[in-house]
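Trainee: sequence and computational prediction follow.
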Amino acid sequence: MPHALADTQDALNVLRGPVRLRTLTTLRWLAVAGQSVAIVIVHFALGFPTPLGLCLAAIAASAWLNLFTVLRFSPQRMLSDREAAAYIAFDIVQLCALLFFTGGISNPFAALILAPVTIAASVLPLRFTFGVAVLAMAGVSLLAVQHMALPWTPGEALDLAPIYKAGLWSALTFSIAFFAVYAHRIAAESAQMRSALAATQLVLAREERLAALGGLAAAAAHELGTPLATIQVTAKEMKRDIERSHPEEEDLVDDAALLVSQAERCRDILGRLSRHGDAGDAMHDKMTVEALMREAAGPFMDQPGGPAIRIETNALDGAAAPVLKRRPEIVFGLRNFIENAAGYAADHVLFRAEWDAGRLTISVQDDGPGFSPEILARLGEPYVSERGGRTGLGLGFFIAKTLLEATGAAVRFDNRRWKTGDFETEGAWVSSEWSLAAAESALIA
């Protein structure tokens, strides 16, 4: 489709971030407060001896970094991916140092190592998320074999069995990997959806502007018709007077004739605009099903080297063809389906409408390779497309499906056999079905 993104990953990274400095500093202040409270409670309230100086020094390092960044930079500063990754990496190193002083992975708070990894996966590209996750895994692995004693009752030591420590290490390592992949995947899908919806809104706004131009042209032709008719009558009278009173003034006669001819030319132009505008009034305000289909398929009809596009209409119960409101989203959605069909068809595209008293179905079928089985379940999602070994963004299908569903249509995709006249083949099938009773206010004129 013509509205493809040039670089999908860059677009998703733009939508994913950047992250503000204030966001990370606020999270770090929360971590500093939580770590301080935990150390104070363990050391003073529970009476477990801790290396208080070392622990407070590690906490102070985070507080110092926050103070430095707050004083040095604006809180609204947008961090680059590299800067954000460095900030998060510092938090991992600081937490690992604090855990080293307080029992390593035996410390119940070791699970907090998942927090910075999840944050990184939510806001950073894949390569930086991978780096942060590897750093966290390395820290957990080091803490599993090297750490100071876990704060415990004076005179006693809590020694966990090696197999249990191995289990803790495995749980933390796999949790880091899982949360990194899971959070990154969710953030990527969210960015894709925002990107696709933004493209949908832009497309709809463009189609609405184009639809408005037809009505504007008709109105302009109507308003200009009266003064132009006056100019034309006046020019003819001037020409007649000159020919009678000054026949020898050939230049004046020629100028008057030119003025009359140009006025007539303007009248013809406005006449064509008016005729188009009259059709446009029917087309822009209300239109038959066949008119809708011809407008949607117009850009692809009789293209040199392109497939033959056949338009068929059928009243299933003899009901009169419904007269529809012109909805730009319907025109664009159907046009996009036809464009895709024409792009993959070998020789033929069937554009078919069927209706009865209660429903209207418009389908597009082609004789191309069809949809691959593994893609059918996801077709209609943004950035998913594959037909006949060719892959694409799939954003066009998503936009078309979203716009048509907004008008009350049920959109379905499949591979089907179809026959028209003596021609029979199999290919991709896309159907949009409206309930005329349910959509009366939105679809029926």
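Mentor: Nice, I can see it.

Trainee: what about the residue nearest to residue 406 when sequence neighbours are not counted, which SS state?
Mentor: Using C-beta to C-beta, 6 or more residues apart in numbering and skipping residues adjacent in sequence, the residue nearest residue 406 is residue 329, 6.1 Å away. Placement of C-beta: from N, CA and C, glycine included. Per DSSP: H, G, I helix; E, B strand; the rest coil, the secondary structure class of residue 329 is helix.

Trainee: confidence score at residue 329?
Mentor: Listed pLDDT for residue 329 reads 82.

Trainee: before we move on, what about the one 5 residues further on?
Mentor: For residue 334, the model assigns a pLDDT of 92.

Trainee: need the next SSE after the helix or strand containing it, C-terminal direction.
Mentor: Per DSSP states H and E, residue 334 falls inside helix 328-344. Moving toward the C-terminus from helix 328-344, the first helix or strand encountered (DSSP H and E) is strand 348-355.

Trainee: quick one: list the elements packing against that next one.
Mentor: With contacts taken as 3 or more C-beta pairs under 8 Å, 6 or more residues apart in numbering; DSSP states H and E, strand 348-355 sits against helix 289-297, strand 308-315, helix 328-344, strand 359-366, strand 410-420.

Trainee: give the partner strands of that strand in its sheet and their orientations.
Mentor: Using DSSP bridges, strand 348-355 pairs in its sheet with strand 308-315 (parallel), strand 359-366 (antiparallel).

Trainee: what's the most buried one of those?
Mentor: strand 359-366 (a mean of 24; mean count of other C-beta atoms under 10 Å).

Trainee: now do residue 427: how many residues are near it, please.
Mentor: Per other C-beta atoms under 10 Å, the neighbour tally for residue 427 reads 23.

Trainee: tell me which residues touch residue 300, please.
Mentor: 306, 309, 338, 339, 342, 349 (C-beta atoms under 8 Å, 6 or more residues apart in numbering).

Trainee: can you rerun that using 10 Å?
Mentor: 306, 307, 309, 335, 338, 339, 341, 342, 343, 349, 351 (C-beta atoms under 10 Å, 6 or more residues apart in numbering).

Trainee: pLDDT of stretch 50-61, averaged?
Mentor: For stretch 50-61, the per-residue pLDDT averages 95.

Trainee: the longest strand in the chain is where?
Mentor: strand 423-435 (DSSP state E).

Trainee: how far does it sit from its chain's centre?
Mentor: From the chain centre to the centre of strand 423-435 is a distance of 25 Å (C-alpha atoms, centre = their mean, to the nearest Å).

Trainee: list the pairing partners of it within its sheet, with orientation.
Mentor: Going by DSSP bridges, the partners of strand 423-435 are strand 359-366 (antiparallel), strand 410-420 (antiparallel).

Trainee: domain ranges for this protein?
Mentor: The chain breaks down into these domains under automatic domain parsing: 8-160, 209-285, 289-443.

Trainee: these: which one's closest to residue 186?
Mentor: Residue 186 lies closest, by C-beta to C-beta, to one member of these: domain 8-160, at 7.8 Å.

Trainee: who's in contact with residue 418?
Mentor: Neighbours of residue 418 in contact, by C-beta under 10 Å, 6+ apart: 348, 350, 352, 363, 365, 366, 367, 424, 425, 426, 427, 429.

Trainee: you'd agree the fifth one is up against residue 417?
Mentor: Yes - at 9.2 Å, residue 365 and residue 417 qualify as touching, with contact defined as C-beta atoms under 10 Å.

Trainee: mutual contacts of the two, please.
Mentor: Joint contacts of residue 365 and residue 417 (C-beta under 10 Å, 6+ apart) are 425, 426, 427, 429.

Trainee: buried ones in stretch 296-306?
Mentor: Neighbour-count burial for stretch 296-306 flags 296, 297, 300 (criterion: 16 or more other C-beta atoms under 10 Å).

Trainee: turn these into a markdown table, including pLDDT and distance to residue 230.
Mentor: Compiled in a markdown table, the buried residues of stretch 296-306 are given as follows (pLDDT from 0 to 100; distance: C-beta to C-beta, whole Å):
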| residue | pLDDT | distance to residue 230 |
| --- | --- | --- |
| 296 | 90 | 40 |
| 297 | 92 | 42 |
| 300 | 90 | 43 |
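
Trainee: among those, which one sits closest to residue 43?
Mentor: Nearest member of those to residue 43, counting by C-beta to C-beta, is residue 296, at 73.6 Å.

Trainee: circling back: quick one: the longest strand of the chain to helix 328-344, angle?
Mentor: 160 degrees (axes from the mean of the first three to the mean of the last three C-alpha atoms, to 10 degrees).

Trainee: buried ones in strand 423-435, by neighbour count?
Mentor: Quick answer for strand 423-435 (16+ other C-beta under 10 Å): 425, 427, 428, 429, 430, 431, 432, 433, 434.

Trainee: many thanks, have a good one.
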